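*Asks:* after the sequence you'll find the predicted model.
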Amino acid sequence: QKQFALNQCTGDWALSIDADERVTPELANEIKAIVLGAPSVDGYLISFNMYFLGHRLRHGGVGQQLKLRFFRRKKGRYLSREIHEQVVVDGETRKLKGAMDHFSYPTLEKYLEKLPMYTNMAARQRWERRKRFSSWHHLRPAWELFVRIVIKGAWRDGQAGLLYAALSAHAAWLRSVKLWEMDNGKAAQSPDSANRSNGRRPFGNTDVDGAARGHSKR
């Protein structure tokens, strides 16, 4: 989708920004200066200020990532990935001083809503890289929590930092056990798939298409 959008652009420069991200005034001024100038650089790395439940997170391994988001349109392209699409540039890159604000999870409900999708995609990516489940992965939550809170200082961000560290530890474990599920062929067949394999309709003699047309609200 992003590559398609980039192909529709006509300007010399492109800024990649998601719906939950905002350009800070400092970053906006830097971008304006670049567009009006004549830099030899073809792409710029941008740092991110992450907000979780309305609080800025600075510790626990958060907020240290750089992403290539501002680049010459004809020099950049997106790598096709299921999650966290990445821009690559054919040319020199530098880091900008300004940052983007990232309001990723304004509520706990939003985090839990996105968790299954993101862990599924992350597990598939790891599977494609030939990563496999190990029983040691059951210790991953404790280790992840220790690293984020003690070593990387998530406690300095208060309750928001501690909550994010705990949720991240759970997400890491969940991603790993989904590798186990893939390794075991989804563990068990669902009733629907079992019925299909036996040549039976999941609802006996019911016309499923007709039932869907008669009862669906969508």
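*Replies:* Great, that's in hand.
*Asks:* mind listing the strands for the protein?
*Replies:* Ranges of strands within the chain are 13-15, 21-23, 43-52, 55-57, 66-72, 76-79, 86-89, 93-105, based on DSSP state E.
*Asks:* for Gly185, find the nearest of those.
*Replies:* Smallest distance to Gly185 across the strands of the chain (CB to CB): 29.4 Å, for strand 76-79. To be clear about C-beta, it is placed using only N, CA and C from the backbone, and glycine gets the same treatment.
*Asks:* hmm, back to that, I'd like the strands of the chain as JSON lines, with mean neighbour count and distance to Lys114 appended.
*Replies:* Conversion of those to JSON lines gives the following (neighbours: other CB atoms under 10 Å; distance: least, CB to CB, whole Å):
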{"stretch": "strand 13-15", "mean neighbour count": "19", "distance to Lys114": "24"}
{"stretch": "strand 21-23", "mean neighbour count": "17", "distance to Lys114": "15"}
{"stretch": "strand 43-52", "mean neighbour count": "20", "distance to Lys114": "13"}
{"stretch": "strand 55-57", "mean neighbour count": "18", "distance to Lys114": "17"}
{"stretch": "strand 66-72", "mean neighbour count": "20", "distance to Lys114": "19"}
{"stretch": "strand 76-79", "mean neighbour count": "17", "distance to Lys114": "21"}
{"stretch": "strand 86-89", "mean neighbour count": "16", "distance to Lys114": "19"}
{"stretch": "strand 93-105", "mean neighbour count": "17", "distance to Lys114": "8"}
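*Asks:* rebuild those strands as a markdown table, extending it with mean pLDDT.
*Replies:* Formatted as a markdown table, those follow (pLDDT from 0 to 100):
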| stretch | mean pLDDT |
| --- | --- |
| strand 13-15 | 93 |
| strand 21-23 | 95 |
| strand 43-52 | 94 |
| strand 55-57 | 94 |
| strand 66-72 | 93 |
| strand 76-79 | 87 |
| strand 86-89 | 89 |
| strand 93-105 | 93 |
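*Asks:* contacting residues around Arg56?
*Replies:* By CB atoms under 8 Å, 6 or more residues apart in numbering, Arg56 lies in contact with Asn49, Met50, Asp157.
*Asks:* what's opposite the first one in the beta bridge?
*Replies:* Put plainly, it is Asn49. Asp101 (DSSP bridges).
*Asks:* can we start the residue count at 22 from this point?
*Replies:* Let's use 22 as the start, then, which means that last one is Asn70.
*Asks:* what's the neighbour count on Arg145?
*Replies:* Residues near Arg145, counting by other CB atoms under 10 Å, number 16.
*Asks:* which helix in the chain runs the most residues?
*Replies:* Longest helix in the chain by number of residues (criterion: DSSP state H): helix 179-204.
*Asks:* pull the number of nearby residues for Leu200.
*Replies:* Number of residues near Leu200 (other CB under 10 Å) recorded here: 19.
*Asks:* please tell me how far it sits from Trp157.
*Replies:* Applying CB to CB, to the nearest Å, the value for Leu200 to Trp157 is 12 Å.
*Asks:* what does Lys96 give?
*Replies:* Taken as CB to CB, the span from Lys96 to Trp157 is 43 Å.
*Asks:* and for Arg115?
*Replies:* 40 Å.
*Asks:* just to revisit the earlier point, in TSV, list the strands of the chain along with distance to Ala144.
*Replies:* Output for the strands of the chain, formatted as TSV (distance: least, CB to CB, whole Å):
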stretch	distance to Ala144
strand 34-36	31
strand 42-44	25
strand 64-73	23
strand 76-78	24
strand 87-93	22
strand 97-100	19
strand 107-110	19
strand 114-126	20
